[in-house]
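# Provided below for reference: sequence and predicted model.
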Amino acid sequence: MCPKEFVSRRAFLRYLLKGGVLALFGAAFYPVARYLAPPRLSEVTVSSVVAAKVGELATNTARIFRFGNRPAILVNTPYGDLRAFSAVCTHLNCTVQYNEEASGIWCACHNGKFDLNGQVVSGPPPRPLEAYQVHVRGDEIVVSKS
Amino acid sequence: MTCRRRFGWYLGFGCVVWMTAASAAEPPPNSCLECHHAMEEQTRGPATLFLESDVHGQRGLSCADCHGGDPTSSDPMVAMDPSQGFLGKPTIAETPQFCARCHADPAYMRKYNPNLPTDQYAKYLTSQHGKRLGQGEADVAVCTSCHGVHGIRSKKDPLSPVFPTNIPGTCASCHTDAELMDRHGLPVNQHWEYSQSVHGQALLFRGDRAAPHCASCHGSHEAARPGAIAVGNVCAQCHALTRDLFAASPHKAAHESLGLPECEVCHGNHLIRKPTDEMLGVGPDAVCIGCHEPGSAGYASAQQMREAVERVKAQIAGAEATVKQAGRLGMDVSEAEFELREAETKLTQTRAYVHAFSPSALQPIAEEGQRHARAAEEHGVAAIHEFHFRREGLWITLAVLGLLIAGLLLWIRDLERSDAARPPTPPSPPASP
Amino acid sequence: MRLQDRLAAFFRARYQLGGLIEFTSHKTVPLHRHTIWYYWGGATLLLIGVQIASGLLLLLYYRPSAETAFESVRFLMTRVEFGWLVRSVHAWAANLAIFSAMVHLASTFFLKAYRPPRELTWVSGVCLLFLLMGFGFTGYLLPWNTLAFFATKVGTEIAGVVPYVGPLTQTLLRGGSDVGDLTLTRFFWLHIAVLPVGLLALMGLHLFMIQLQGMSKPLSVKDERSIPFFPNFFLRDLLVWVIVLGVILGLAVYWPATLGDKADPFAPTPVGIQPEWYFLWMFQTLKLIPGHLFGIEGELIAVASTTAAAGLLVLVPWLDQPARRGRSHWMVWAAGVLAMAYVIGTTGYAVWTSAHP
């Protein structure tokens, strides 16, 4: 039998080390486990983004999607071709929307109207909407900055 | 009479000398230019200017097409014979008619510029300028006052006095002349006011050619004051939505019955500044209290609308500060910024819907703006939380590592103490020789 | 019987581990005032381990093509939980690995540990440092941001000035005449397949030789004291590892890796393009050498002298003849100090010029 004081000192040391190693594994395991878990949100990119799937967008409709931290609009024109523009109105930065009746892009804030080339038709917007490039890759519609 | 004849002889003599010198004259001979070029500055000026920059010259027209006469003759007496159709210099009063010979003739104009309207003269006659000219006032603007004389450029030419960015200055060349305007009972401060206005700043200082200039509201050839009720229609050329909201609002009938000039009542005319939120409500700078007395329904509505706007603004300001702080901490805030943009959109829309002059039209939009701002705020708060989580996580991990270090140090000490307690063993043979 | 004893018995019954255990239990590490330099190799080993672990994790989200590389890294940094940490750890541990390998090299040089019979340990160590720099060069491009793109463009440009083999090397590295999609694929291939295989093989050899021959004792040390490698020195190594781990984490959290903007091949080269700090001295040498010297192109001289320096470094064990006979000569020491002063000086100069354009 060893002296009691010596045993408790050794035992304490052992617990300290075991606890430390365990805690270290825990500290390493937690982030790695969270890292491996599939992320909640789908991919968001700045210079190109998947705006929609092919066939998702009927003719003469449009959808607003996020392009970086700005909104953009993808239009399926009545003639069936896809076009994309910045959805930020050039007048006072409101988000524009699609007007199915007029087949045009429309800003609700001050009734600015744009045609399907992004050009100003009427209202206060001073400049046309910035146009983006649209590519169909597989079944994805990819919009990128030209 | 003698004087003029002698002058003619001199001219003729000069021409002969000049023509001998430049014997190889290219067809078609144009004695007007040839002679006027050879003369002293004052008479040479028009010819030089015409050759350099005049749109008529560029389209193949020549002196005689306006002034008449026979450019094929080198004899000044023949070339400038009034009986042969030489018109000379028109007076101010004659000028509109002078230009209209061609510019009001669609068949003739089609040959040169099919796009150009031919109703300028007809419109001019309806303008204040044209009317006063008709009443015999000779100090009014005619074609040449704005377009220039021999150096007439296309209105698409940035150097033209009627190019959009040059129009305010062109109008001002007469409309700031106090003596002249005094004769017609007109003020002279419009140009100064306009250049201070949001439109003038955009056009004159930012070079934004989409901004309206004098003619955008007053018309160009038909220049006149819009009537009180027409003001709304003039502004609606660009500000269509606000105009539509106004037309459907209770203000429309009120303005009509009182003969008030719609938009102008609150926003002014030449000195239209960027509208502020202070114009709305019942504060000291509010325009509403000009008509609506405390206790009235309009007064309450104004107050409610302002409050709705202020609520969105406060929510956005709070969210913005949070998002900015998160961004400064190096966190990704693109999603929050997106929501902030949407909130700003709704704020702008809220401000536009003030023109419906009904709190119920404006409040749903304002609430939507507040929702977006709240979402941005939540994103920002989450990002800041994440930042602190990272730092705290680090320090907890470092504490664990510190624990391990302490344990290892103690173990090593313990080990070497017990080693030292044992009798020293002979060192193992070193591996290196 | 306890589990660990039973496990030990299991292996002992099947494998002849007795000799190995015997060997480890007798292995000692010299104890003297320079012992501290023995830890740098171990620290480098840990850092390489961290690189392998974090690199494996990064592969889970990284997509190697010009179109997706930047986006996938951005996604990793912003959307994947702890993605920022994994990438920051990888970036910091890479720099620390090269730094600690350099310190390890310098200490080995000045303590003359390359003396016979350890010449090959030195050679393998120098090659390992070159491999680590290769990792740094190829890994830098992978996020496909503006800075990396142009640094790679300049870096591969330099390879092209070498006569005869230069243009071929450049084309092979770039996978074409210019830096583009194919370059990224090639660098990715080098970074995660070719270089790791070489690194693991060479590292195994390096460690094996060290274990076989033990630590070298500097010429000046007459002290005969030593401590057992296991567990005394091993525990000290562990202690260093825990400290290094803490340093990496602290750096990664307080100065996380940045991403910048996506590379645009058609954009003009931005001002102040610089390679990673461990290439700065070469970069600065290139800038200091005039365009033409004695009728030879300046770039060529810089490349040639850098290659010569690398060759000399590999051959140090044979160049230092006095050390082979157990004596230390002041000229070797002076050469080492001069080389170190040059590298530190030019690196500092490059940093200073970028801060004061």
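Done, it's in.
# From now on I want contacts and neighbour counts done on CA atoms only, so please keep to that.
Fine.
# Contact partners for B:Arg351?
By CA atoms under 8 Å, 6 or more residues apart in numbering or on different chains, the contact list for B:Arg351 reads B:Val309.
# Name the helix or strand for it, please.
helix B:334-352 (DSSP states H and E).
# Beyond that helix, next helix or strand please.
By DSSP H and E, the next helix or strand past helix B:334-352 is helix B:359-421.
# Domain-wise, how is the chain divided?
Unless you meant another one, I'm taking chain A. A:1-37, A:48-144 (automatic domain parsing).
# sorry, should have said chain B
Following automatic domain parsing, one gets these domains for chain B: B:1-89, B:90-223, B:297-405.
# Need the winner for burial among those.
When these are scored by mean count of other CA atoms under 10 Å in any protein chain shown, the highest mean neighbour count falls to domain B:297-405 (a mean of 20).
# Mean confidence (pLDDT) on that one, please.
Per-residue pLDDT values over domain B:297-405 give a mean of 92.
# rewinding a little: how about TSV for the domains of chain B, with distance to A:Asn99 added?
Output for the domains of chain B, formatted as TSV (distance: least, CA to CA, whole Å):
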stretch	distance to A:Asn99
domain B:1-89	43
domain B:90-223	23
domain B:297-405	17
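# most tightly surrounded among the domains of chain A?
domain A:48-144 (a mean of 19).
# Give the other helices and strands that the helix or strand of chain A with the lowest mean pLDDT contacts.
Using mean pLDDT, DSSP states H and E, strand A:48-53 stands out as the lowest-scoring helix or strand of chain A, at a mean of 78. Under the contact criterion of 3 or more CA pairs under 8 Å, 6 or more residues apart in numbering or on different chains; DSSP states H and E, strand A:48-53 touches strand A:61-67, strand A:140-144.
# from the middle of its chain, how far away would the first one be?
Strand A:61-67 sits 11 Å away from the centroid of its parent chain (CA atoms, centre = their mean, to the nearest Å).
# cool, and stretch B:259-272?
Worked out by CA atoms, centre = their mean, stretch B:259-272 lies 19 Å from the chain centre.
# buried sites along it?
B:Leu260, B:Pro261, B:Glu262, B:Cys263, B:Glu264, B:Cys266, B:Asn269, B:His270, B:Leu271, B:Ile272 (16 or more other CA atoms under 10 Å in any protein chain shown).
# got the contact list for that stretch?
Contacts with stretch B:259-272, where a contact means CA under 8 Å, 6+ apart, come from B:190-191, B:193-199, B:227-232, B:235, B:252, B:255, B:273, B:275, B:287.
# so where is chain B shaky, pLDDT-wise?
B:1-29, B:40-45, B:228-229, B:421-433 (pLDDT under 70).
# can you give me the angle the least confident helix or strand of chain A makes with strand A:140-144?
Comparing the axes of strand A:48-53 and strand A:140-144 via axes from the mean of the first three to the mean of the last three CA atoms, to 10 degrees yields an angle of 140 degrees.
# Can you tell me the strand partners of strand A:48-53 and which way each runs?
strand A:140-144 (antiparallel) (DSSP bridges).
# Now do the strand it pairs with, average pLDDT.
pLDDT averaged over strand A:140-144 gives 84.
# Also stretch C:111-120?
According to the model, stretch C:111-120 has a mean pLDDT of 92.
# Can I get that stretch in PDB? Just the C-alpha atoms.
Extracted in PDB, the C-alpha atoms of stretch C:111-120 (Å, rounded to 0.1, in the frame of the first residue of the first chain):
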ATOM      1  CA  LEU C 111      23.500  22.400 -34.800                       C
ATOM      2  CA  LYS C 112      25.200  20.500 -37.700                       C
ATOM      3  CA  ALA C 113      22.800  17.500 -37.300                       C
ATOM      4  CA  TYR C 114      23.400  16.600 -40.900                       C
ATOM      5  CA  ARG C 115      26.800  15.200 -40.100                       C
ATOM      6  CA  PRO C 116      27.400  11.500 -41.000                       C
ATOM      7  CA  PRO C 117      25.500   9.300 -40.700                       C
ATOM      8  CA  ARG C 118      22.500  11.600 -41.000                       C
ATOM      9  CA  GLU C 119      23.100  13.100 -44.500                       C
ATOM     10  CA  LEU C 120      20.100  11.400 -46.000                       C
END
